[in-house]
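Undergrad: predicted model, plus sequence, below.
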Amino acid sequence: MSQNARKTTFDDLPDTLAVFPLGRALLLPRTQLPLNIFEPRYLAMIDDALAGNRLIGMIQPKEADTPGQKDDSSYEADSPELYSVGCVGRITAFSETDDGRVLASLTGICRFEIVEEIKTDTPYRQCRMSFEQFAHDLKEDHGADVVDRDSLLAVLKKWLTRHEMQADWQAINQSSNEQLVNSLSAICPYGAREKQALLETESLEKRNQVLIALTEMALAQNDDQETRLQ
């Protein structure tokens, strides 16, 4: 089943929303995030969202930063402390599997800041949230005209060469600055803290600069490791 992405206005954003804690899962405006839902509480969350506005708040748990803790899980055992900033997404596609899972795709709409977590009878967590400081997320390509695209592409080429990886350069060259920065931020292989830093940047160009800096640091660390091995 699927539903085309629809235009969302500031007035469409709810004050209270279900939140899905998931480490290293970065959702940004107009990017896609695939979800594999199997825990009963989050299956209930999906069912309720589909019956309503189809909106879910994606947010990282701080436990994702704890050494030895799996940072790609949603922490069934307890209710971990959450970061204060996340991103609301709309379920734009979903399907059910024979073993009871739901495969869903979220399309990012707007970032939010948690005001407070509310008491609820639902098995999943809900928060009251504010969107005011991120209202510009609703405007496509906001700030894209000042993005240093050349520097990002240069460091991307270095990363791909270092890891002997290929890229679809035709698709990259055809992408907008917003698509390029946000898509690379979403798929970059960095930890929860780094992902959160990318999420919380004030502007698209600041996110671009953070992404460039993180990649340059990773490349430098690889150089140091290779030097010590020689």
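TA: Happy to help now that I have it.
Undergrad: going forward, measure contacts between C-alpha atoms and count neighbours the same way
TA: Noted.
Undergrad: mind jotting down where the helices sit in the chain?
TA: 40-51, 149-162, 169-174, 177-187, 192-200, 204-229 (DSSP state H).
Undergrad: save those helices as TSV, and put in mean pLDDT and mean neighbour count too.
TA: Converted to TSV, these look like this (pLDDT from 0 to 100; neighbours: other C-alpha atoms under 10 Å):
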stretch	mean pLDDT	mean neighbour count
helix 40-51	97	17
helix 149-162	96	14
helix 169-174	96	10
helix 177-187	97	20
helix 192-200	97	20
helix 204-229	83	15
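Undergrad: which one of those lies closest to Asp99?
TA: Proximity to Asp99 (C-alpha to C-alpha) singles out helix 40-51 among those, at 12.5 Å.
Undergrad: name the residues that touch that closest one?
TA: For helix 40-51, the external contacting residues (C-alpha atoms under 8 Å, 6 or more residues apart in numbering) are 18, 20, 37, 55-56, 91, 101-102, 123-124.
Undergrad: export those residues to TSV and tack on neighbour count and distance to Leu138?
TA: As requested, the contacts of helix 40-51 are exported to TSV (neighbours: other C-alpha atoms under 10 Å; distance: C-alpha to C-alpha, whole Å):
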residue	neighbour count	distance to Leu138
Ala18	22	20
Phe20	21	21
Ile37	18	27
Leu55	25	15
Ile56	24	16
Ile91	25	17
Arg101	15	31
Val102	20	28
Pro123	12	30
Tyr124	17	27
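Undergrad: for the longest strand belonging to the chain, list the C-alpha coordinates in CSV.
TA: In the chain, taking DSSP state E as the definition, the longest strand is strand 102-118. Output in CSV follows, covering the C-alpha atoms of strand 102-118 (Å, rounded to 0.1, in the frame of the first residue of the first chain):
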residue,chain,number,x,y,z
VAL,A,102,5.3,-3.9,8.8
LEU,A,103,7.7,-2.4,6.3
ALA,A,104,7.1,1.3,6.1
SER,A,105,8.7,4.3,4.5
LEU,A,106,8.7,7.7,6.1
THR,A,107,9.1,11.0,4.3
GLY,A,108,10.6,13.8,6.4
ILE,A,109,8.6,16.9,6.9
CYS,A,110,9.9,19.2,9.7
ARG,A,111,12.2,19.0,12.7
PHE,A,112,10.8,19.5,16.2
GLU,A,113,11.9,20.2,19.7
ILE,A,114,10.4,18.1,22.5
VAL,A,115,8.6,20.3,25.0
GLU,A,116,7.6,17.5,27.4
GLU,A,117,6.7,13.8,27.3
ILE,A,118,3.1,13.2,28.2
